[in-house]
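S.K.: Give the three-dimensional model of this entry:
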Amino acid sequence: MGMQVISTVRHGLILGIVALMMGALWAVYMATNHETLHGAFEQQQEVIQQQQAQKMMKDMTMDAMGEAEMGHTHGSEMSANHHESAPDMHQEGGGHAHGANQQHSHSGSLAKDAMQRLLRGHIHAMGLGVLVCVLLLIVAFTSLKDVWKKVFGLTFGLGAVLYPPAWVIMGFRTVELGPEAAEASIMWLFGPAVALLIGSMVALLGVLLLEQLGLKDKALFSWAFD
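M.R.: Alright, predicted model coming up:
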C-alpha cells in the first residue's frame, strides 16, 4: 500500500535524488579543483582590472586631446568658462571611476564572491534535495487526487533540479559581469525555479490546512480530493 501511494510522486522523488547527486558530485569537483578555480577567477579579475585601467587612460587621453584642440581654436572662450566646465569634467572622470568600480564585492574580492556562489550551488542542491523528498512524502499521504500529487511531484522536482545550477552559472559569471549583473543574467532560470518551489510549498500548506479544518469535502474544494 505504501509503495502504491508513493508511486504518485515517484518522479518527483527521482528529481529530488538527482538534486542530491548533483550537490554531492559538485562538492567533489570543487574540493579537487578549488585552487584551480580560485586561481582562474583571480587571473580573470586581474585581466579585467587591467582592461578597465587601460580604458580609463585612453578616455583621459582623448579628453586631454579634445581640450587641447578646443584650446587652440577657442582659447579665450575656454579660459573664461574654465571654472564652469571643470565640475563637469570632474563628474565625467567620476563616471569613469564608477564604471571601473562597478563590479564591487561584498567580500573584498570578486574571485571570493564567485567561489562562494559556486559553493552555494552545492549547499542548495543538497538542502533542496532533502527538503523536496520530505515534502513529497507528505504530499503522497494526503487525500489529494493522484493527478494533483503528480503535479506536486513535477513542480517540486523541477524546482529542486533547476535552482542549484543557477548559482553555479552565476558564480562563473561573477568576475566577468560583476555580482549584480551576473545575478540579473541568470534570472531566467532563478525566477521559474523559485516560483515552482515557493508556489508548491504554499499550495501544499493550503492542502494541509483544508484537510486539518475539514474543508476538503466542501463543494468548493472537493474536486481536488478523493
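
S.K.: pull the helix or strand with minimum mean pLDDT from the protein.
M.R.: helix 82-100 (a mean of 41; mean pLDDT, DSSP states H and E).

S.K.: Centre of the chain to whichever helix or strand comes after that helix, how far?
M.R.: Scanning forward in sequence from helix 82-100 by DSSP states H and E, the next helix or strand is helix 110-140. The chain centroid and the centroid of helix 110-140 are separated by 12 Å, computed with C-alpha atoms, centre = their mean, to the nearest Å.

S.K.: And stretch 189-200, by the same measure?
M.R.: Distance of stretch 189-200 from its chain centroid, counting by C-alpha atoms, centre = their mean, is 12 Å.

S.K.: residues of it that come out buried?
M.R.: For stretch 189-200, a neighbour-count test (16 or more other C-beta atoms under 10 Å) marks 189, 190, 193, 196, 197, 200 as buried. In this view, the C-beta of every residue, glycine as well, is placed from N, C-alpha and C.

S.K.: Which member of those residues is positioned nearest residue 165?
M.R.: Closest approach to residue 165 among the buried residues of stretch 189-200 (C-beta to C-beta): residue 189, at 7.2 Å.

S.K.: Find the residue closest to the closest one in space, skipping its chain neighbours.
M.R.: Spatial nearest neighbour of residue 189, chain neighbours left out: residue 166 (4.4 Å); criterion: C-beta to C-beta, 6 or more residues apart in numbering.

S.K.: contacting residues around the one you found?
M.R.: 121, 186, 189, 190, 193 (C-beta atoms under 8 Å, 6 or more residues apart in numbering).

S.K.: Looking at those, which is nearest residue 146?
M.R.: Nearest to residue 146 among these, counting by C-beta to C-beta, is residue 193 at 25.1 Å.

S.K.: I figured the closest one was touching residue 162, is that so?
M.R.: Yes - using C-beta atoms under 8 Å, residue 193 makes contact with residue 162 at a distance of 3.9 Å.

S.K.: got CSV for the contacts of residue 166, with pLDDT too?
M.R.: Output for the contacts of residue 166, formatted as CSV (pLDDT from 0 to 100):
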residue, pLDDT
121, 96
186, 95
189, 95
190, 95
193, 97
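
S.K.: So which residues of this protein form helices?
M.R.: In the chain, the helices defined using DSSP state H lie at 2-6, 10-73, 75-80, 82-100, 110-140, 146-177, 179-185, 187-212.

S.K.: ok, so of the buried residues of stretch 189-200, who is nearest residue 139?
M.R.: Closest to residue 139, out of all of those and judged by C-beta to C-beta, is residue 200, at 8.8 Å.

S.K.: hang on, the closest one packs against residue 153?
M.R.: No - counting by C-beta under 8 Å, residue 200 stays clear of residue 153, with 9.6 Å between them.

S.K.: Output the below-cut-off pLDDT ranges for the protein.
M.R.: Residue ranges of the chain with pLDDT under 70: 1-2, 63-108.

S.K.: let's go with 80 and repeat that
M.R.: Scanning the chain for pLDDT under 80 picks out 1-4, 49, 51-108.

S.K.: how about a markdown table for the buried residues of stretch 189-200, with distance to residue 20 added?
M.R.: Shown next, in a markdown table, are these (distance: C-beta to C-beta, whole Å):
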| residue | distance to residue 20 |
| --- | --- |
| 189 | 19 |
| 190 | 20 |
| 193 | 16 |
| 196 | 18 |
| 197 | 15 |
| 200 | 18 |
